[in-house]
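K.L.:
Dropping the sequence and predicted coords here.
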Amino acid sequence: MNLAPLLTEVVITFLAVASLLYRYGNWYRHHIIVTIAVLLAWYFSFLIAFILPLDVTSTVYRQCLLESNYTSGTLNRTEDGSLIVANNTSGVGKECHEPWSYVPDTVFPTFWRVVYWTSQFLTWLVLPLMQSYTRAGDFTVKGKLRSALIDNVIYYGSYLTIALILLVYLLFKNEIELDFWKLKVIASSASNTWGLFWLVLLLGYGLVDTPRCLFRASNHVYQLRYSYFKAAKLYAEKTEAEENLEDVIQSLRGVSSAVSNTSPLRPCVETIEMKIPLEFHEKFKRRIRTTDINEIPNEKSLAKLHKQVIKAVHVYKRTETQWDTIVSKIKDFEDVAKNRDSNDRRFHSSSQEQRGEVWNRLNSPKLEWYWKCMMRRHFYRALGVILTVFSVIVVWSELTFFVKEPTLSIFAAFVDAAKENYNFLTIELLSISTILYLCICAYRTLFKVRVLNFYYLADNHHTDEYSLIFSGMMLCRLTPPMCLNFLGLIHMDSHVIKTPILETHYTQIMGHMDVLPLLADGFYIYFPMAITALCAATYFSLGAKILNIIGFQQFVGDENITSDLVEEGQELIKRERRKLDTPSERQPSTSMRRIESLSSRYRDSPVPATEEESDPLRQSLLRPDPEATVEDEDKLLERMFLGDKSVSYSSTDLKTSSRTTKNRFNLFDDV
């Protein structure tokens with residue numbers, strides 16, 4: 001029993017998923033249960049994509065043995081390890097090569113049951129509850145759980161009602177017989193149907209937009225104009241989010257002034273206040289005495305206000321992160337435009353970003369100039385051509401995968417050719433590359449479309465818990481039906497090609513789409529037609545043009561509205577550069593805002609002079625310990641503003657926790 005290839009892919013997949021989650025999530029601030037749940041959701045989804053090719057090659061090998069009818073014949077092994085099966089009826093032997101990654105038949109059934117049903121349990125029960133729990137405004141665990149259950153019962157109750165009506169209809173028509181196994185197949189088929197309808201929308205856009213974005217990325221002028229356009233729209237959204245947050249904080253001021261310090265509701269008010277970003281603390285404290293309140297709040301109204309604060313803060317932080325990202329991209333594009341005609345062919349960056357010594361050696365200014373100013377645009381064009389061909393193959397195969405004779409699906413033709421030559425490595429590489437490309441097109445679209453802009457994945461640990469949970473849910477719901485669709489593309493689903501074949505263990509666990517008679521008739525015809533129609537609409541930018549007509553500005557070329565937004569974005573970036581270049585206009589960093597917040601909190605306390613460079617407290621702030629936590633910083637700053645001189649403020653005082661990273665707490669980072 002050779003399990004080395006399977007175990008190797010399992011371990012490599014886990015390391016890759018853990019590194020991705022570390023990059024996008026924040027293991028130190030997010031709740032440990034959320035991190036574990038999202039890690040499992042991502043891990044099991046990627047396992048399906050990476051392990052399915054092994055199941056495909058093992059099935060090809062088993063099909064070869066079955067066609068040779070080795071159970072009634074003799075089985076001989078050659079010197080090179082191949083199997084020769086002699087048929088008793090004909091006496092003709094057929095050579096069957098065992099794949100290098102062959103997995104025994106007893107492993108995959110258990111493996112797929114654990115992976116699939118655990119992912120379904122996460123995506124339909126655990127993660128939705130967690131998502132509602134993180135946005136609940138209640139102040140106790142019991143209250144948050146109750147609110148989460150109510151939200152999910154209302155949302156998923158509609159799905160359950162439709163499913164029950166469908167089952168009653170089928171029972172009344174006597175079209176199916178219900179038992180435990182049949183109910184499991186119906187449940188998996190319903191989940192797959194939900195995912196496939198989503199895939200129609202996502203792939204119809206992503207198969208065209210993904211290669212087109214690469215071609216556009218090779219056009220530096222277009223990329224810079226489009227980034228200015230996005231910056232103008234994002235700045236308006238960011239301003240609206242700030243105003244909305246200030247309105248919510250204004251309501252919180254009134255509630256805070258109405259609830260006395262001795263009131264039993266005071267801890268609830270303080271819990272809400274803790275959610276306010278540090279940069280808004282000064283405004284909150286400064287105007288609290290001038291706010292009037294008309295009625296005394298109760299716990300229910302405080303829970304509602306708490307939920308509004310959580311949502312407003314989430315939108316504000318998301319727009320802040322998106323704004324920082326687009327500003328960084330535009331600065332890089334502008335640097336490329338300035339350095340393109342450089343005589344010394346060395347890249348001179350205007351960014352003040354600090355890079356490590358190892359990175360500076362690997363990425364020298366000369367090498368950076370050749371990559372950004374010469375090679376990158378050609379690389380994007382070449383990759384765009386490759387992905388365009390890949391997208392055309394996918395669309396053609398979706399249109400023809402239900403035709404068995406002749407074989408019109410290009411993926412099925414490649415797999416059949418590899419079968420004849422026992423080239424199992426080619427089958428695995430083709431399967432992995434196709435599944436990953438479908439995943440990229442679908443998931444990239446999922447987080448790009450404007451309707452779902454509430455969720456945002458940002459690297460450098462800037463993704464919030466709500467977006468991470470949503471990503472885990474969608475991965476678990478879309479990956480299984482996507483892989484089932486891929487098996488249809490390569491003609492390894494007997495219910496698609498209407499030919500009895502040996503199916504993969506994955507299909508045996510997942511079931512088929514046509515288990516319900518209502519889905520069996522015509523689904524495989526309308527499904528590819530819808531993808532083709534959406535691809536055509538995306539290619540001609542019909543959606544962007546329609547949205548632009550009804551008032552939602554889109555980047556559609558040289559129209560007046562587009563040009564105005566491009567100029568506005570350019571002015572906003574110039575203003576942002578002046579803020580960074582001019583010390584008097586420079587925005588305070590997060591650490592400085594924390595100091596200002598604590599200063600307002602203890603403005604009546606004696607403040608010691610800490611401007612001297614020899615002061616140990618300032619030395620600790622200017623050179624903070626990378627293992628310090630936010631709580632340690634706040635305690636240190638509170639001591640500063642309270643004038644506590646009885647405690648040493650050396651940097652060793654901050655070595656109390658290893659749950660932090662160097663880039664999180666860099667005090668005076670822009671001073």
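P.N.:
Now that the structure is in, tell me what you want to look at. Residues are numbered from 1 along each chain as shown.
K.L.:
which residues in this protein form strands?
P.N.:
Secondary structure of the chain (DSSP state E): strands at 74-77, 83-86, 93-96.
K.L.:
Excluding chain neighbours, what is closest to Glu576?
P.N.:
Among residues not flanking Glu576 along the chain, Val327 sits closest, at 5.5 Å (CB to CB, 6 or more residues apart in numbering). Any C-beta I mention is one placed from the backbone N, CA and C, and that applies to glycine too.
K.L.:
who's in contact with the one you found?
P.N.:
For Val327, the contact set (CB atoms under 8 Å, 6 or more residues apart in numbering) comprises 231, 573, 576.
K.L.:
The residues you listed into JSON lines, with extra columns for neighbour count and pLDDT?
P.N.:
As requested, the contacts of Val327 are exported to JSON lines (neighbours: other CB atoms under 10 Å; pLDDT from 0 to 100):
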{"residue": "Ala231", "neighbour count": "26", "pLDDT": "92"}
{"residue": "Ile573", "neighbour count": "21", "pLDDT": "90"}
{"residue": "Glu576", "neighbour count": "18", "pLDDT": "87"}
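K.L.:
so which of these comes closest to Asp151?
P.N.:
Distance to Asp151, by CB to CB, is smallest for Ala231 among the contacts of Val327, at 35.0 Å.
K.L.:
From what I see, the closest one and Ile573 are in contact.
P.N.:
Yes. With contact defined as CB atoms under 8 Å, Ala231 counts as touching Ile573 (6.2 Å).
K.L.:
any shared contact partners between the two?
P.N.:
The contact lists of Ala231 and Ile573 share 327, 330, where a contact means CB under 8 Å, 6+ apart.
K.L.:
and which of the contacts of Val327 is nearest to Ser541?
P.N.:
The nearest one, if we look at these relative to Ser541 and count by CB to CB, is Ala231, at 20.8 Å.
K.L.:
Ignoring the adjacent residues along the chain, who's closest to that closest one?
P.N.:
Gly569 (3.9 Å).
K.L.:
Tell me which residues touch the one you found, please.
P.N.:
Contacts of Gly569 (CB under 8 Å, 6+ apart): 227-232, 235, 330.
K.L.:
mind running it again at 6 Å?
P.N.:
228-229, 231-232 (CB atoms under 6 Å, 6 or more residues apart in numbering).
K.L.:
neighbours around Val34, how many?
P.N.:
By other CB atoms under 10 Å, 20 other residues sit near Val34.
K.L.:
quick one: contacts for it?
P.N.:
Glu465.
K.L.:
And for Cys535?
P.N.:
Contacts of Cys535 (CB under 6 Å, 6+ apart): 204, 207-208, 395.
K.L.:
quick one: which of the residues you listed has the most company?
P.N.:
Leu207 (29 neighbours).
K.L.:
That residue against Ile440, yeah?
P.N.:
No. Contact criterion CB atoms under 6 Å: Leu207 and Ile440 do not qualify, at 10.2 Å.
K.L.:
Skipping its backbone neighbours, what lies nearest Ala232 in space?
P.N.:
Gly569 (3.8 Å).
K.L.:
per-residue confidence for that neighbour?
P.N.:
Confidence at Gly569, expressed as pLDDT, is 89.
K.L.:
That one and Val221, how far apart?
P.N.:
Using CB to CB, to the nearest Å, one gets 14 Å for the distance from Gly569 to Val221.
K.L.:
try Val336
P.N.:
Applying CB to CB to Val336 and Val221 gives a distance of 11 Å.
K.L.:
ok, the two, which is more surrounded?
P.N.:
Val336 (20 against 9).
K.L.:
who touches that one in this structure?
P.N.:
Lys372.
K.L.:
Near Ile150, how many other residues are there?
P.N.:
12.
K.L.:
what bits of the stretch 1-150 of the chain have low per-residue confidence?
P.N.:
1, 69-94 (pLDDT under 70).
K.L.:
what's the residue nearest to Gln131 when sequence neighbours are not counted in contact with, if anything?
P.N.:
Among residues not flanking Gln131 along the chain, Ile469 sits closest, at 4.6 Å (CB to CB, 6+ apart). Residues in contact with Ile469 (CB under 6 Å, 6+ apart) are 127, 130-131.
K.L.:
quick one: the longest helix seen in the chain to chain centroid distance?
P.N.:
Looking across the chain with DSSP state H, the single longest helix is helix 299-339. Its chain's C-alpha centre and that of helix 299-339 lie 16 Å apart, by CA atoms, centre = their mean, to the nearest Å.
K.L.:
cool, and stretch 183-200?
P.N.:
Per CA atoms, centre = their mean, the displacement of stretch 183-200 from the mean C-alpha position of its chain is 21 Å.
K.L.:
Pull the residues that contact that stretch.
P.N.:
By CB under 6 Å, 6+ apart, stretch 183-200 touches 477-478, 481-482, 510-511, 515, 530-531.
K.L.:
okay if I get the residues you listed as a markdown table plus neighbour count, distance to Glu465 and pLDDT?
P.N.:
Converted to a markdown table, those look like this (neighbours: other CB atoms under 10 Å; distance: CB to CB, whole Å; pLDDT from 0 to 100):
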| residue | neighbour count | distance to Glu465 | pLDDT |
| --- | --- | --- | --- |
| Arg477 | 24 | 19 | 90 |
| Leu478 | 25 | 20 | 91 |
| Pro481 | 22 | 26 | 89 |
| Met482 | 25 | 25 | 91 |
| Met510 | 24 | 30 | 78 |
| Gly511 | 20 | 33 | 70 |
| Val515 | 18 | 36 | 52 |
| Ala530 | 17 | 34 | 83 |
| Ile531 | 22 | 33 | 87 |
